[in-house]
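**Student:** Let me see the structure of the following:
(chains A, B, C and D)
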There are 4 protein chains.
Amino acid sequence: MSQGVDDIAAGLVSVAKSFHARGWLLGTSGNLSAVVQRQPLQIAMSPSGVDKGELRTDQLLSIDENARILGQQGGKPSDESLLHIRIVKERGAGAVLHTHSIWNTILSDIYARDGGLRIEGYEMLKGLQGVRTHEHAEWLPIVENSQDMPALAETVGETLNKHPTAHGFLLRRHGLYSWGENLAQAKRHIEIFEFLLETIGRTLRIREHAIRENATWL
Amino acid sequence: MSQGVDDIAAGLVSVAKSFHARGWLLGTSGNLSAVVQRQPLQIAMSPSGVDKGELRTDQLLSIDENARILGQQGGKPSDESLLHIRIVKERGAGAVLHTHSIWNTILSDIYARDGGLRIEGYEMLKGLQGVRTHEHAEWLPIVENSQDMPALAETVGETLNKHPTAHGFLLRRHGLYSWGENLAQAKRHIEIFEFLLETIGRTLRIREHAIRENATWL
Amino acid sequence: MSQGVDDIAAGLVSVAKSFHARGWLLGTSGNLSAVVQRQPLQIAMSPSGVDKGELRTDQLLSIDENARILGQQGGKPSDESLLHIRIVKERGAGAVLHTHSIWNTILSDIYARDGGLRIEGYEMLKGLQGVRTHEHAEWLPIVENSQDMPALAETVGETLNKHPTAHGFLLRRHGLYSWGENLAQAKRHIEIFEFLLETIGRTLRIREHAIRENATWL
Amino acid sequence: MSQGVDDIAAGLVSVAKSFHARGWLLGTSGNLSAVVQRQPLQIAMSPSGVDKGELRTDQLLSIDENARILGQQGGKPSDESLLHIRIVKERGAGAVLHTHSIWNTILSDIYARDGGLRIEGYEMLKGLQGVRTHEHAEWLPIVENSQDMPALAETVGETLNKHPTAHGFLLRRHGLYSWGENLAQAKRHIEIFEFLLETIGRTLRIREHAIRENATWL
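**Tutor:** The predicted structure is shown next:
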């Protein structure tokens, strides 16, 4: 990584505060990580149970590829560290972000039966890395929630393999994961998915009106 | 308490500003308290009629277990001091927070007939102290609103006894109470309940659509 | 007035920024005033066409009871100065605030036929000056919008006389007016009305669901 | 232009941060420009792929009338530079702003069949330059989205000619464009359109309720 550890830590804190202000990390929910070193793997990650709106750089944990804390830091690694590590390995991600928003929670439940959600035809999709047109169809997989983290990490790994172009996934009634080559890209992806999920959720309710009224614009 | 009075006061002001910014303490509504000392009981509490977005530490009142002001401070204790004291005693809470949000007001009315609201299956529930899985079912009792504070404190006391594992309750068309061992935990609980109530409120309206359209995802 | 002119000006700017951040004064809409002196009447008021999120104290205008600028200031008085002056005279108000929010715009249209909106049974009503219980019924009159300001000021005067206990009124598809003995009270009243209007607007849509589903909680 | 380059740059950054905070420029979406010089044309513009909440003045690009970068700056011009230039030429605009909001995305789709959206009867319309009364009817054209920027610039040019009094337009499922004689006016216009689009979008869903219930206020 070309970025220093201090820059990475400052970046994670900045994103945490921004997302907490938007209501995407309330109640100490969600977590953020960034790769500090690849060989051997070292990841800077927000600890468990910390208010993301008050996160300080000295609270970030340094963990290895087995989610063990490096050095003699205090703090408890998040239960979901294994998911972050899996995403880093499967996708070569430099940063992984996980948010709990109102709309990602609602849509992760509504579309759970379909196993995912197709997002298509929005200009905002162009902000996902490698996407060149709004005609792109993004499949956002939905994975059943579980407290068995090693098993969930396996399921996530399989989902990532099955959908090699996916830029994120939802855990049912739980939240959104996305990632990027670096923290800026991961932040961009989260903002785009949150925008699109809210747009789709609000549209669901308006279309109902259109159908009943035989609106000209339907 | 291990925290000093100054830290407690600064913490209450910080939470007040954060919640006011989110629209949960508009119009001088709501109140915040934290235990300074247990024997004899001494509580730091926001006064009545103060703008929570402009709260200053020197406006906080110090009250005893009968809601009487200690020392020679100015300011008027909140009408709801008795509820805070009751919660501190019944639950051994170190901090009690009370918010007036749009969604807690709406849901406190919609579910009033049922006497409460069952919240189940959301990952966010894990943020409530002692909850280990999203499969937890939290019962959030709803108490009829009243201006007779001693009587309301009695009803609240009975409700807390009847639901010994509840992490909060709603006053109908009035607001949400939650608490914690300390201020950070109480803040976390409020953020979680506000998140879940908004999620449930918004889901109610989307399901209506699903039912009518026989949506595949219903 | 016990407050100095500088304090009044700083207070108006602070409220303007807070309300602009909430989206209640977008696009240079809305206006704010406070009485500096009663005999002869002198009012500090936000000028026409200024971004309320960027308001500076040196942009505030000092106007007399005929909405004429005192001294040699630049800036153009708001078209609605006459309404502010009328409210100051009819109610003895020390400050008058006017917001354009999404929800006050929507409800001012929906309830226009009824000539106003009854708000009853909410704890938040207790924040209106002189109200002691949530059982209070507040009538919020709705006045048809007009560009004829002297005529509109007359209609507003009549409305205030007809509803002597009203704490505010709506202009149809235009916005909310409220006031107070001082700026803090006026701000409190606006926050309360905006909260209640949003609560009522969102409840309208949920009740629809309840009626169709014969929900137990209806 | 009477404003210096530094003032223009600082102004663009300030508007970018304000709109990003409101969720109108998430995920590096949207763009902002202001005319620095007319003969020959020189425009200061936000670059492609930059987080608008973190925009710095030294990231702004200086481009000519063919969207070529002037001097030896780094950074990539936005794909939509041609649209900004076209608007500057057709309307004599001093600043052009383009936002991606939830509500402008939704309404740009719902009303696409009609080729635009009529907005009438709202006091907020008076904030659009030259509008004197809420009885004004503003036609907000909707243009189909495309990735062929020269072709899209042509369509936009034709749309502007066909609707010479329009203060903005929507790109379908993409976003809103508005402009002004200077940046302050362009910002005002965006805030007004975003307010009105959200108001109309939320009203659509409430009217549905009214129709079914034969509400007295319909």
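**Student:** Just confirm residue A:94 contacts residue A:187, I think it does.
**Tutor:** No - contact between residue A:94 and residue A:187 fails when scored by Cβ atoms under 8 Å: they sit 11.7 Å apart. Heads up, the C-betas are built off the backbone N, CA and C, glycines and all.
**Student:** can you list residues touching both of those two?
**Tutor:** Each of residue A:180 lies in contact with both residue A:94 and residue A:187 under the rule Cβ atoms under 8 Å, 6 or more residues apart in numbering or on different chains.
**Student:** Who has more neighbours out of these two?
**Tutor:** Shown here are residue A:94 and residue A:187; by other Cβ atoms under 10 Å in any protein chain shown, residue A:187 has more neighbours (26 against 22).
**Student:** Give me the spatial nearest neighbour of the more buried one, chain neighbours excluded.
**Tutor:** residue A:15 (5.3 Å; Cβ to Cβ, 6 or more residues apart in numbering or on different chains).
**Student:** got a list of contacts for the helix or strand that contains that neighbour?
**Tutor:** Mapping residue A:15 onto the secondary structure by DSSP states H and E places it in helix A:5-21. Among residues not part of helix A:5-21, those counted as contacts by Cβ under 8 Å, 6+ apart are A:1, A:3, A:25-26, A:30, A:32-34, A:36, A:44, A:46, A:51-53, A:55-57, A:60, A:97, A:99, A:183-184, A:187, A:190, D:53.
**Student:** mind listing what residue A:23 touches?
**Tutor:** Contacts for residue A:23 were tallied using Cβ under 8 Å, 6+ apart; they are A:101, A:102, B:22, B:195.
**Student:** for residue A:35, same thing?
**Tutor:** A:1, A:41, A:42, A:43, A:44, A:88, A:93, A:94, A:95.
**Student:** switch to 6 Å and redo it
**Tutor:** Neighbour list for residue A:35: A:43, A:88, A:94 [criterion: Cβ atoms under 6 Å, 6 or more residues apart in numbering or on different chains].
**Student:** sec struct for it, please.
**Tutor:** Per DSSP: H, G, I helix; E, B strand; the rest coil, the secondary structure class of residue A:35 is strand.
**Student:** gap between the spatially closest residue to it that is not a sequence neighbour and residue A:88?
**Tutor:** Closest residue in space to residue A:35, ignoring its immediate chain neighbours: residue A:94 at 5.0 Å, by Cβ to Cβ, 6+ apart. Look at residue A:94 and residue A:88: by Cβ to Cβ, to the nearest Å, they are 8 Å apart.
**Student:** ok, now residue A:136?
**Tutor:** Residue A:136 sits 25 Å away from residue A:88, taking Cβ to Cβ as the criterion.
**Student:** out of the two, which sits in the busier spot?
**Tutor:** Taking residue A:136 and residue A:88 together and counting by other Cβ under 10 Å, residue A:88 has the greater number of neighbours (21 against 16).
**Student:** Make sure the more buried one is indeed in a helix.
**Tutor:** Yes - under three-state DSSP, residue A:88 sits within a helix.
**Student:** for chain A, what spans make up the strands?
**Tutor:** In chain A, the segments counted as strands under DSSP state E are A:31-37, A:42-45, A:61-63, A:95-99, A:116-120, A:137-143, A:168-171, A:175-180.
**Student:** Lovely, talk soon.
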